[in-house]
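Asks: Predicted model, plus sequence, below.
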Amino acid sequence: MDQQNTIKQVVSTDKAPAAIGPYSQAIKVGNMVFTSGQIPISPATGEVIQGDIKAQARQVLDNLQEVLKAAGTSMGNVVKTTVFLKDMNDFTAVNEVYAQYFTGSYPARSCIQVAKLPRDVGVEIEAVALI
């Protein structure tokens, strides 16, 4: 592997929420992008959006889409996602929204119920994508 493929590049866009801690929105290495988890924060206001779990999932996936776009890739190039749910009873509702953002060959995915998420949101999603 040449040096260019091992250089770590920070990905940042104002079209997705700024990091709320000491981390980057995404990191690009070679032909891969590793996103941080996205939560349902409006990039315009910096506040958690109002609405049910479907509205939260849409905002999360919109944010994820913008981060991937800033990295030079798209949802179609996502190979793996991890979905964190505050309540596994939201699994079906989140799946309905998730299926609108990924078509054709779906990425591999893990879905985990967690005790709590940042800002007490209901869903967080991270992804790994190819460029």
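Replies: Great, that's in hand. Residues are numbered from 1 along each chain as shown.
Asks: Let me know the average pLDDT across whatever helix or strand Ala93 lives in.
Replies: Taking DSSP states H and E as the definition, one finds Ala93 inside helix 91-101. The average pLDDT for helix 91-101 rounds to 98.
Asks: ok, residues contacting that helix?
Replies: Outside helix 91-101, the residues within contact range by CB atoms under 8 Å, 6 or more residues apart in numbering are 52-54, 57-58, 61, 65, 75, 83, 85, 111, 123. Every C-beta, even on glycine, is put in place using the N, C-alpha and C of the backbone.
Asks: For this structure, which helix extends over the most residues?
Replies: helix 53-70 (DSSP state H).
Asks: Next, the angle helix 91-101 makes with that one.
Replies: Note on geometry: by axes from the mean of the first three to the mean of the last three CA atoms, to 10 degrees, helix 53-70 and helix 91-101 are set 40 degrees apart in direction.
Asks: Parallel or antiparallel, list what pairs with the very next helix or strand once past helix 53-70.
Replies: Using DSSP H and E, the helix or strand that follows helix 53-70 towards the C-terminus is strand 78-85. With DSSP bridges as the test, strand 78-85 is paired with strand 108-113 (parallel), strand 123-130 (antiparallel).
Asks: Below-threshold pLDDT in this structure: ranges please.
Replies: 1-5 (pLDDT under 70).
Asks: just checking, what packs against the longest helix of the chain?
Replies: Under the contact criterion of 3 or more CB pairs under 8 Å, 6 or more residues apart in numbering; DSSP states H and E, helix 53-70 touches strand 26-29, strand 32-35, helix 91-101, strand 123-130.
Asks: leaving aside the residues next to it on the chain, what's closest to His29?
Replies: Slight slip there: residue 29 is Val, not His. Lys8 (5.5 Å; CB to CB, 6 or more residues apart in numbering).
Asks: what comes up buried for stretch 30-44?
Replies: Neighbour-count burial for stretch 30-44, counted by 16 or more other CB atoms under 10 Å, picks out 32-41.
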